[in-house]
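Undergrad: Sequence and computational prediction follow.
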Amino acid sequence: MEDVNNVLDIAKDDNLYGEVITLADSTADGTFLIHHFLSFFLGNNRPVCFVSLSQSFGHHKSVCQKLGVSLTQKIESSHLNFFDGLKVFGNRFLDTQPENVDISNTTSLQGFYKAIKTNYEDLQDKNKAPPVVIVDSLDVLLNIGYQVKEISAFVQYLCHLISGPGCDARGTLITFLSIGENGLDEEASLLWRSVVHMSNMDVLVSGLESGYCKDVHGKIEVKRRNLLKKNSQKTMQFKVNDKSVNFFASGMSRAVLG
Amino acid sequence: MIGDIVSGSENSKIVLIEDSIDANGRNVLLSYIVSLSKITEEVHLLLFDVRGQDTQEALKSLGIQNVKVHRASTDLLQWDRSQGIGLHTDIKAYIRERLSPGTKSVAVVIDSLSPLLTHTSPSFTCKTLHELAYSEALRSQVQQVVTLLHGDLHDDNSLSLTHHTCTTVHKMVPITTPYAMFCCNTIHKKVSGKVVKIRESFNITEEYQVTEVAEVKQMSQNLPADQNQLDPTANLTFNLSLSDKEKEARSQVILPYTYNKERQECVLAKSVGEGKIFYQPDEADDFDEEDPDDDLDI
């Protein structure tokens, strides 16, 4: 997955301390970015707090196995904290919550944030290094009925968690969300914009305007926002393979040229 | 225009900088802070936004002393139950308590207003802005209130309400010219009541000075109006206009019934017992072939 680093302008041993990175996809699948970052940070021995809201542990485990990182080992060595959001919010889908349980402590975003915070501080203490928080994916929270403003406040709290006063070096926050076809999902787009306003870098994966293609899976746009500098912006097309991703300049796919 | 308002030579009480994910407005906000730190005794900077930490770091690197930073973003909704400020705090009272004694002129800068507008009502937000600028709540002269707002996170209703409260609105837009880094549409309400609307491009130096301000003319004004109008007589199968030679030839044709001595004698000699009509223009008659209706007063 080194190509991904080149596209994102990240060096192989970059720590990305204090960075807030927003990943998003529409019409094309951008989850390869999540797995890239997960294996990238674990490979660099950064502690990772992975909040999975859309997939089970088994799914991520088998994908990372292919990329050469064993999630089970990483959990045993306390490098990884896998936070299974499916279990936490499962009750909300099934609506089997007994009425006398205090909802605010278990499934509210405040309670959820507190749980992540405890995990984060735990990882930080064990590894003596600022952890990475990866959230996959925020739009699930929208689907189970949270408002955009609640979720953006949740992300804001996470942003401050990673730049907290407890540690000199800052952690990293990576969030992923799916914004639906061509931004037609207004709530998801609004959430995306508000998260992008909080981030240093945002990556958007989208399908080709001309429709699906076997050899070109979509385009990827990388933007960095800095004060005083012209915001750098980069657009490439890509094809996801079994274990890697090929990138090429727009319209320069081998399949197109050959 | 924007240079004058930032430097303070053009008066404006409440300034709103509206940005979006495509055009960042934080640089302009920093220009305001740098300028205000020179013309007022104390600047109070309220951070509600995560990226407010960029503003704070930029100010630190510039070494400006009289800006007091209040971080309200870290515990916005009191989830951490810390004692710090958040959305629940009464901003006026909070700043009043933290004013240095004897301060005569202050300025309040908010980065950004979006969390306030999202989590509270638009009317509350407008009221807060208005009170900060005009009421006696701070017990000292408030020179200016400058605030950043992410325009793409709010509906039109909240935005227009906020616009009405402000005396100047800079709406950041993506640049269209290659010479500048920033571009914004400004609506400025002067004290006299005149409203100025202008689009300008500009650069910001490393010391956060606004330079090279230039008005950006709308594209439609730049184009000559008739450039795109096609000449309808261009590709006709018949001729509508006359060349000089043809005009001369036409002027020599003698129209029938026109009074002409030669012709009169010729006709009179030929015919016997028939009436003839000859037209003889008198002095008042305007015999102009080019425009026969010229004498009509319509």
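TA: Thanks, I have the structure now.
Undergrad: going on from the helix or strand of chain A with the lowest mean pLDDT, what's the next piece of helix or strand?
TA: Among the helical and strand segments of chain A, the one scoring lowest on mean pLDDT, DSSP states H and E is helix A:103-106, with a mean of 46. Using DSSP states H and E, the helix or strand that follows helix A:103-106 in sequence is helix A:109-127.
Undergrad: What segments of the stretch 1-150 of chain A are strands?
TA: For the stretch 1-150 of chain A, the strands defined by DSSP state E, counting those that start in this stretch cover A:20-26, A:48-52, A:80-84, A:132-136.
Undergrad: These: which one's closest to chain B?
TA: strand A:20-26 (7.2 Å; Cβ to the nearest Cβ). In short, each C-beta sits where N, CA and C put it, glycine included.
Undergrad: chain center to the closest one, what's the gap?
TA: 7 Å (Cα atoms, centre = their mean, to the nearest Å).
Undergrad: one step back: just put the strands of the stretch 1-150 of chain A in CSV and tack on distance to chain B and mean neighbour count.
TA: What follows is those, written out as CSV (distance: least, Cβ to the nearest Cβ, whole Å; neighbours: other Cβ atoms under 10 Å in any protein chain shown):
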stretch, distance to chain B, mean neighbour count
strand A:20-26, 7, 25
strand A:48-52, 16, 25
strand A:80-84, 17, 21
strand A:132-136, 14, 26
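Undergrad: what would these look like in CSV with mean pLDDT?
TA: Shown next, in CSV, are those (pLDDT from 0 to 100):
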stretch, mean pLDDT
strand A:20-26, 93
strand A:48-52, 93
strand A:80-84, 89
strand A:132-136, 93
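Undergrad: would you turn those strands into JSON lines with distance to residue A:119?
TA: Shown next, in JSON lines, are these (distance: least, Cβ to Cβ, whole Å):
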{"stretch": "strand A:20-26", "distance to residue A:119": "18"}
{"stretch": "strand A:48-52", "distance to residue A:119": "5"}
{"stretch": "strand A:80-84", "distance to residue A:119": "5"}
{"stretch": "strand A:132-136", "distance to residue A:119": "9"}
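Undergrad: out of the ones you listed, which comes closest to residue A:70?
TA: Of all the strands of the stretch 1-150 of chain A, strand A:80-84 sits nearest to residue A:70, with 9.9 Å by Cβ to Cβ.
Undergrad: What pLDDT is listed against the residue in chain B that chain A sits nearest to?
TA: The nearest approach of chain B to chain A comes at residue B:50, 4.2 Å away (Cβ to the nearest Cβ). Note on residue B:50: pLDDT of 90.
Undergrad: Give the burial count for residue B:122, as a bare number.
TA: Residues near residue B:122, counting by other Cβ atoms under 10 Å in any protein chain shown, number 18.
Undergrad: The nearest residue to it once chain neighbours are set aside: which element?
TA: Using Cβ to Cβ, 6 or more residues apart in numbering or on different chains and skipping residues adjacent in sequence, the residue nearest residue B:122 is residue B:158, 4.1 Å away. In this structure, residue B:158 sits in helix B:156-165 according to DSSP H and E.
Undergrad: so how far is that helix from its chain's centroid?
TA: How far helix B:156-165 lies from its chain's middle: 17 Å, per Cα atoms, centre = their mean.
Undergrad: circling back to that earlier point, residues contacting the residue of chain B closest to chain A?
TA: By Cβ atoms under 8 Å, 6 or more residues apart in numbering or on different chains, the contact set of residue B:50 is A:20, A:156, A:159, A:160, A:197, A:198, B:73.
Undergrad: Test my guess that the third one contacts residue A:198.
TA: Spelled out, it's residue A:159. Yes - assessed by Cβ atoms under 8 Å, residue A:159 is found in contact with residue A:198 at 5.5 Å.
Undergrad: Who has more neighbours out of the two?
TA: Just comparing residue A:159 and residue A:198: by other Cβ under 10 Å the higher neighbour count belongs to residue A:159, 25 against 21.
Undergrad: That one - that's part of a helix, no?
TA: Yes - with DSSP: H, G, I helix; E, B strand; the rest coil as the criterion, residue A:159 is part of a helix.
Undergrad: Can you give me every residue that contacts residue B:204?
TA: Going by Cβ under 8 Å, 6+ apart, residue B:204 touches A:228, B:27, B:28, B:30, B:31, B:181, B:182, B:210, B:211.
Undergrad: Now the fourth one. Nearest residue, chain neighbours left out?
TA: Looking back up the chat, that one is residue B:30. Sequence neighbours aside, residue B:208 is the residue nearest to residue B:30 in space, at 4.6 Å (criterion: Cβ to Cβ, 6+ apart).
Undergrad: Who are the contact partners of that neighbour?
TA: The contact partners of residue B:208, by Cβ under 8 Å, 6+ apart, come to B:27, B:30, B:31, B:33, B:34, B:58, B:62.
Undergrad: would a markdown table of these with pLDDT and secondary structure be doable?
TA: Listed next are these as a markdown table, based on pLDDT from 0 to 100; DSSP: H, G, I helix; E, B strand; the rest coil:
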| residue | pLDDT | secondary structure |
| --- | --- | --- |
| B:27 | 91 | helix |
| B:30 | 93 | helix |
| B:31 | 93 | helix |
| B:33 | 94 | helix |
| B:34 | 93 | helix |
| B:58 | 89 | helix |
| B:62 | 90 | helix |
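Undergrad: Can you say which helix or strand has residue B:201 in it?
TA: Going by DSSP H and E, residue B:201 is in strand B:195-204.
Undergrad: just to revisit the earlier point, please work out the average pLDDT along the helix holding residue B:158.
TA: pLDDT averaged over helix B:156-165 gives 93.
Undergrad: can you map out the helices along chain A?
TA: Counting by DSSP state H, one finds helices in chain A at the ranges A:2-8, A:31-43, A:57-66, A:71-76, A:85-94, A:103-106, A:109-127, A:139-143, A:148-162, A:186-196, A:254-257.
Undergrad: what residues does the fourth one touch?
TA: Judged by Cβ under 8 Å, 6+ apart, the contacts made with helix A:71-76 from elsewhere in the structure are A:42, A:48, A:57, A:60, A:61, A:64, A:65, A:80, A:81, A:82.
Undergrad: Contact residues of chain A facing chain B?
TA: Within chain A, the positions near chain B by Cβ under 8 Å from any Cβ of the partner chain are A:20, A:110, A:113-114, A:149, A:152-153, A:156-157, A:159-160, A:163, A:190, A:193-194, A:196-198, A:202, A:225, A:227-228, A:230-231.
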